[in-house]
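# I would like the atomic coordinates for the input below:
(2 chains)
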Amino acid sequence: QQRVKQSPQSLIVQKGGISIINCAYENTAFDYFPWYQQFPGKGPALLIAIRPDVSEKKEGRFTISFNKSAKQFSLHIMDSQPGDSATYFCAANGGYSGGGADGLTFGKGTHLIIQP
Amino acid sequence: DTAVSQTPKYLVTQMGNDKSIKCEQNLGHDTMYWYKQDSKKFLKIMFSYNNKELIINETVPNRFSPKSPDKAHLNLHINSLELGDSAVYFCASSQGAGDEKLFFGSGTQLSVL
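Okay, here's the model as predicted:
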């Protein structure tokens, strides 16, 4: 059972355009929603994250929009650049009882290509 | 200095062999993880250790055995390798058990022939 559903699987955007990647979750125990960026041959790296008490978080060209009632969140990349071409993963933390090192549940990833 | 380092970067081996992947972090973190990324890029947690103690052990065959000699190291030993074990294995760390920010290594690409 996939606990975090991500779409689209792949996305092509023209340079300067807006890239939008969507995620949906089912488990209301999740309380932390990060986005990770992965370049080929590298490990994922944290890009931006949000908690359910806010509806939007912006860092530079990257914005997370969060809709708690719909259990959805999305990543917007403004003024997309070729250097943004990478695989993006949404994730959620929580859902394990007893606390401790819960780890992250990842979406299946979106392969983003920004065309010059 | 690399924060989370894994060795080897590539590992090619025959079915039935036993192999190990080493991981070290120099961030002073208390918690370390192993994730598996399959050919479709799906990332799934395998194990989590906090201060050398096993916290999470997902549904992973018991051919996979993590070992944490100290909190800066978490090694992964795999016995009787199978074709389906081919994947990229990522080590990660976080400051504490409740700290969700993960720092990943650059991965070990395992190919079982």
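# so which residues on chain B come close to chain A?
Residues of chain B lying close to chain A (Cβ under 8 Å from any Cβ of the partner chain) are B:4, B:31, B:33, B:40-45, B:48-50, B:55-56, B:90, B:92, B:94, B:97-98, B:100-107. In short, each C-beta sits where N, CA and C put it, glycine included.
# just give me the neighbour total for A:His111.
15 (other Cβ atoms under 10 Å in any protein chain shown).
# now do the contacts for it.
A:Gln9, A:Ser10, A:Leu11, A:Thr87, B:Lys41 (Cβ atoms under 8 Å, 6 or more residues apart in numbering or on different chains).
# by mean pLDDT, point me to the weakest helix or strand of chain A.
strand A:104-106 (a mean of 86; mean pLDDT, DSSP states H and E).
# that older thread, what subset of the residues of chain B next to chain A is buried?
Listed as buried from the residues of chain B next to chain A are B:4, B:31, B:33, B:41, B:43-45, B:48-50, B:55-56, B:90, B:92, B:94, B:97, B:100, B:102-107; burial here means 16 or more other Cβ atoms under 10 Å in any protein chain shown.
# how about the residue in chain A that chain B sits nearest to, secondary structure?
Per Cβ to the nearest Cβ, A:Gly43 is where chain A lies closest to chain B, at 3.1 Å. Secondary structure, DSSP: H, G, I helix; E, B strand; the rest coil: A:Gly43 is coil.
# show me where chain B dips below the pLDDT cut-off.
Low-confidence segments of chain B (pLDDT under 70): B:1, B:98-99.
# can you tell me the centre-most residue of it?
B:Trp34 (3.2 Å; Cα atoms, centre = their mean).
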